[in-house]
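**Q** Dropping a prediction and its sequence here:
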Amino acid sequence: MTLAERARRVIPGGVNSGQRSIPGLTDLVIARTEGSRFWDTTGREFTDYHAAFGPPLLGHNDPDVAAAVSAARASIGLTGVAVTEGEVTLAEQLVELVPSMEKVLLTSTGSEATFHALRLARAATGRRLVVKFQGCYHGWHDSVSLNVISAPERVGRPDPTSAGILPEVLAATLVLRFNDVAAVRQAFADHGPDIAAVILEPVPHNVGALLPTDAFLRALREECTKAGSVLVFDEVITGFRHALGGYQSLAGVTPDLTTLGKAIANGAPVGAIGGRADLMDLFSSRPGGPVFFAGTYNGHPDVVAAALATVRKLREEPVHEHVFRLGDRVRAGLAELYRTLDVPAVVTGYGSVFVSYFMSGPQPRSYDDLLANDTALFVGYRRRLVDQGVFELPLNLKRSHLSYAHTDADVDRLLEATETAVRHTLAE
Ligand code: PMP
């Protein structure tokens, strides 16, 4: 029996996340990662642009991060009775770097961070409603488990991503179109005094890349301030990847709360929630704080050491310069390729993140625009890329990532492999 078959006998579907259940790849078993590569148990090598949905900005198994984690493990291990020096230093750095963060708490995942952000917002405002946007993903918990990647007929209607969620919980989340200023103004006109929070990915990368307009981010800030609602930027993907201060530092719009995860620890299991001190001080980590906050592994020494080593490297080495330059090369190369092949495509992304939508027309601004994407071509060419040892996730609308470990030679190979993959898919 193969490992994958053994896995399916004892693990539902054979994988430990629904996001790893990938049609056509059910026999893939990972053996090792390093830099821009991973290998499976049959010895096949893949150049990895999926990057586990985004954490390894420095590359897989970065040696400096690995050394810091080993040192922490050797000296601290897990205590869980009080704070450690690393947690203090990391919190100081996050507060210094991220404009909205006056205080910050660590969690073990991004989902926990967004969960706590929304509970905190509801507690602080005494209100019920949360506003989210079609296409944004904020983790697996109930308040946000709706309207991520919806079938066309479900757009504009409640579309739960899971069974088992109470209808009244779903009804307490309003779903709007991303970049739709008029819809935001209308929602506040209709429900302002009942809106506890507005949560968004400032760049919705869970459907590839929808770039926000300045007017949209400014309108959210304005309406939340006017109505006394809490504005939450979920920067689990964009935090550190696009800038050490998060996308908010580039956009010049400061939310009340920010969630981080993924790239801030280059692959160690992390999340963070930070923001206005008056809100953060409501958490029960402060004696008498009414909003319960706990977690056995919050601030785990391995994770904190990984995050500190990641921050250090991002500050000291030209990581962003490198990944942004490669990102521009990839986007320009792909756009040129599709022009040559006469394939309608919009190549977009930001910095190290790229995606090709197979549709004509201008830059997509909301999820509805992406319904025009040719799903068969999107998934088909990526399956053929995987066959060539170039790993972009073969699922509709998924983004791809570059890391500090990717090289110009990797980009050359990616462009060549994409040409072959697209030609073959079109010829089918
Ligand atoms: N927010 C965003 C924007 C994400 O992309 C993700 C994970 N893909 C999460 C939250 C949840 O993070 P985690 O998977 O670590 O719980």
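**A** Structure's in. What do you need? Numbering: from 1, shown residues only.
**Q** need the residues of the chain near the ligand, please.
**A** 53, 109-111, 114, 137-139, 201, 206, 234, 236-237, 261, 271 (CB under 6 Å from any ligand atom). C-beta here means a position set from N, CA and C on the backbone, and glycine is covered the same way.
**Q** Which of those residues fall in helices?
**A** Among these, the ones falling in helices (DSSP state H) are Gly110, Ser111, Thr114.
**Q** Including neighbour count, could those go into CSV?
**A** Listed next are those as CSV, based on neighbours: other CB atoms under 10 Å:
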residue, neighbour count
Gly110, 29
Ser111, 20
Thr114, 28
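**Q** As a markdown table, the residues you listed with pLDDT would be great.
**A** Shown next, in a markdown table, are these (pLDDT from 0 to 100):
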| residue | pLDDT |
| --- | --- |
| Gly110 | 98 |
| Ser111 | 98 |
| Thr114 | 99 |
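**Q** could you dump those residues to a markdown table with distance to Asn147?
**A** Putting these into a markdown table (distance: CB to CB, whole Å) gives the following:
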| residue | distance to Asn147 |
| --- | --- |
| Gly110 | 18 |
| Ser111 | 17 |
| Thr114 | 15 |
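**Q** phi, psi of Ile58?
**A** Quick fix: residue 58 reads Leu, not Ile. Main-chain dihedrals, Leu58, degrees, to the nearest 10: phi -80, psi -10.
**Q** actually Ala294, not the one I wrote
**A** According to degrees, to the nearest 10, Ala294 has phi -160, psi 170.
**Q** repeat for the one 4 residues further on
**A** Reported as degrees, to the nearest 10, the phi and psi values for Asn298 are phi -60, psi 130.
**Q** you'd agree it is up against Thr109?
**A** No - Asn298 is not in contact with Thr109 according to CB atoms under 8 Å; the separation is 10.4 Å.
**Q** Surely Thr225 is within a helix?
**A** Yes - the assignment for Thr225 (DSSP: H, G, I helix; E, B strand; the rest coil) places it in a helix.
**Q** Look at it and report its pLDDT.
**A** For Thr225, the model assigns a pLDDT of 98.
**Q** shift numbering so it begins at 27
**A** Got it, the first residue is 27 from now on, which makes the last one we talked about Thr251.
**Q** I figured Gly165 hits Ser137, correct?
**A** Yes - if you go by CB under 8 Å, Gly165 and Ser137 touch, sitting 2.8 Å apart.
**Q** My read is that Ile56 contacts Phe64, right?
**A** Yes - the pair Ile56 and Phe64 passes the contact test of CB under 8 Å, sitting 5.9 Å apart.
**Q** more neighbours, the two?
**A** Phe64 (22 against 12; other CB atoms under 10 Å).
**Q** who touches that one in this structure?
**A** By CB atoms under 8 Å, 6 or more residues apart in numbering, the residues touching Phe64 are Ile56, Ala57, Arg58, Glu71, Phe72, Asp74, His86, Phe417.
**Q** what sits against the first one?
**A** Contacts here follow CB under 8 Å, 6+ apart; on that basis Ile56 touches Phe64, Trp65, Asp66, Thr67.
**Q** repeat for the third one
**A** Taking CB under 8 Å, 6+ apart as the criterion, Arg58 is in contact with Phe64, Trp65.
**Q** how about a cut-off of 10 Å?
**A** Phe64, Trp65, Asp66, Thr67, Gly69, Glu71, His86, Asn87 (CB atoms under 10 Å, 6 or more residues apart in numbering).
**Q** and if you look at the last one?
**A** Phe417 is in contact with 51, 54, 62-64, 71-77, 408, 411, 426, counting by CB under 10 Å, 6+ apart.
**Q** what about the closest residue to Ala253 other than its chain neighbours, distance to Thr251?
**A** Once flanking residues are discounted, Ala253 sits nearest to Gly218: 4.0 Å by CB to CB, 6 or more residues apart in numbering. Distance of Gly218 to Thr251, computed by CB to CB, to the nearest Å: 11 Å.
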